[in-house]
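Student: This is the structure alone, sequence omitted:
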């Protein structure tokens with residue numbers, strides 16, 4: 001035979017619905033002294049025709065194009081019969097600060113590399129990456 005259980009006393013059964021006060025120094029979330037708001041961020045455009053209607057996006061595209069030309073990222077060449085001509089696409093992103101406020105509009109011109117064929121459009125890929133351990137080794141050799 002099981003021992004008799006004492007009834008569970010809850011705050012709702014005693015009509016004690018006032019908020020609990022934490023004694024360990026924690027702050028309840030959301031705090032009773034703050035307002036909760038939701039900022040509506042407009043969607044980033046998905047096409048050039050949509051983005052070109054807004055001056056902010058046109059300015060971001062102009063800055064990206066200027067940077068590409070200044071850095072001589074690419075040059076215009078006539079197509080060779082055996083190679084594919086790669087298209088490009090504008091990608092748009094609204095950048096925000098850490099607090100969620102608007103920072104700037106960012107546009108990137110990216111190549112549609114998924115159309116490339118190995119041996120036809122490229123032979124090898126190379127991405128220079130330096131590991132932190134390599135940098136430390138070189139610096140220690142230089143110091144000694």
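Tutor: Cool, got the structure. Since the structure is predicted, the reported quantities are computational estimates derived from the model, not experimental observations.

Student: residues in contact with residue 112?
Tutor: Residue 112 sits next to 86, 87, 88, 89 when contact means Cβ atoms under 8 Å, 6 or more residues apart in numbering. Bear in mind the C-beta positions are built from the backbone N, C-alpha and C, glycine included.

Student: So the last one belongs to a strand, correct?
Tutor: Yes. Counting by DSSP: H, G, I helix; E, B strand; the rest coil, residue 89 is found in a strand.

Student: what is residue 107 paired to in the beta sheet?
Tutor: residue 92 (DSSP bridges).

Student: List the contacts of it.
Tutor: Contacts for residue 107 (Cβ under 8 Å, 6+ apart) come out as 51, 57, 60, 61, 63, 64, 90, 91, 92, 93.

Student: What's the local residue count around the first one?
Tutor: For residue 51, the neighbour count with other Cβ atoms under 10 Å is 19.

Student: any idea how far residue 79 is from it?
Tutor: Distance of residue 51 to residue 79, given as Cβ to Cβ, to the nearest Å: 27 Å.
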